[in-house]
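Colleague: Turn this into a model:
(one chain, ligands or ions: 1)
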Amino acid sequence: MKQILIAGNWKSNKTEDETKEWLEQWSQSFSTFHGKNEHITIVICAPTTVLHVLKEGVKTRDLPIRVGAQNVSAFADGAFTGEVSARMVKELADWVIIGHSERRTYQRETNEDLSAKVANAKNVGLRVIYCVPDSTEVIPHAVDVVAYEPIWAIGTGKTDTPENANSVCAEIKKKTGISSVIYGGSINATNVKQFISMNAIDGVLPGGASLDPQVFFRLVTAAGSTH
Ligand code: PGA
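Modeller: Now for the predicted structure:
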């Protein structure tokens, strides 16, 4: 059975109380789950301000969820007001998303910034999910997972076709030698199976569909039943 990564991206959503409520509802759903999930890695990439709540909640409830961040600083520790360094993130998370199109657009992150972020993240042992809009984008060699996310499919309810997503993921693998490539862009509980069943797609990066614990649980369950 192939290993599947499901990385939920909460984006700029959820307070401490909302994070606790999500965990409460997720663990209730999970207690009813009797399928196999050893082949699935679930990561929740949360805002920096709630990483500690997520980490603590996952630990005390013994949930099969890994904690991820959505950004690290391009700088090391030091005089960089407002920045959160990779070393600080590593205290709370094991994974990080770098290069999401929203940060490339709204924070004007350049390829140079992104490769500095990847270097800092890898220096402290974070696992990096690196997002690209297509197969032509520069991808730093050190990343662990590449997420193919066509910009027009993010938050629009329109996905790429599973066949085209598969060929872009295959192209990325061939070009970079990176063995884990996932798809993101309007993934939900209904369409996830079609993507996961493609041979070059190793997982998904749902945004909107990770916010509601029951919807996300249905998505994980559907992905888990794909062979
Ligand atoms: P979406 O977001 O699932 O809401 O389209 C995906 C992403 O931006 O990572």
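Colleague: going forward, measure contacts between C-alpha atoms and count neighbours the same way
Modeller: Fine.
Colleague: State the phi and psi torsions of the closest residue to D94 other than its chain neighbours.
Modeller: Residue nearest to D94 in three dimensions, not counting chain neighbours: L126, with 5.2 Å by CA to CA, 6 or more residues apart in numbering. Phi and psi for L126, reported as degrees, to the nearest 10, are phi -80, psi 150.
Colleague: show me the contacts for L126.
Modeller: For L126, the contact set (CA atoms under 8 Å, 6 or more residues apart in numbering) comprises 86, 90, 93-96.
Colleague: could you measure it against T226, distance?
Modeller: Counting by CA to CA, to the nearest Å, the gap from L126 to T226 is 28 Å.
Colleague: which phi and psi does T176 have?
Modeller: phi -100, psi -20.
Colleague: Give the burial count for it, as a bare number.
Modeller: Neighbour count of T176, defined by other CA atoms under 10 Å: 14.
Colleague: Test my guess that it contacts E137.
Modeller: No. Using CA atoms under 8 Å, T176 is not in contact with E137; the gap is 10.8 Å.
Colleague: still on that earlier bit, can you tell me which of the contacts of L126 are buried?
Modeller: 86, 90, 93-96 (16 or more other CA atoms under 10 Å).
Colleague: Adding distance to the ligand, pLDDT and secondary structure as columns, could you present these in a markdown table?
Modeller: Listed next are the buried ones among the contacts of L126 as a markdown table, based on distance: CA to the nearest ligand atom, whole Å; pLDDT from 0 to 100; DSSP: H, G, I helix; E, B strand; the rest coil:
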| residue | distance to the ligand | pLDDT | secondary structure |
| --- | --- | --- | --- |
| A86 | 21 | 98 | helix |
| K90 | 21 | 98 | helix |
| A93 | 18 | 98 | coil |
| D94 | 18 | 98 | coil |
| W95 | 14 | 98 | strand |
| V96 | 12 | 98 | strand |
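Colleague: how about these in a markdown table, adding distance to T159?
Modeller: As requested, the buried ones among the contacts of L126 are arranged in a markdown table below (distance: CA to CA, whole Å):
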| residue | distance to T159 |
| --- | --- |
| A86 | 32 |
| K90 | 32 |
| A93 | 29 |
| D94 | 28 |
| W95 | 25 |
| V96 | 23 |
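Colleague: returning to what we had before: quickly note the distance from the residue nearest to D94 to the ligand.
Modeller: In this view, L126 and the ligand are 19 Å apart by CA to the nearest ligand atom, to the nearest Å.
Colleague: give me every residue that touches the residue of the chain most remote from its centre.
Modeller: The C-alpha centroid of the chain is most remote from A79, which lies 29.1 Å away (CA atoms, centre = their mean). Neighbour list for A79: empty [criterion: CA under 8 Å, 6+ apart].
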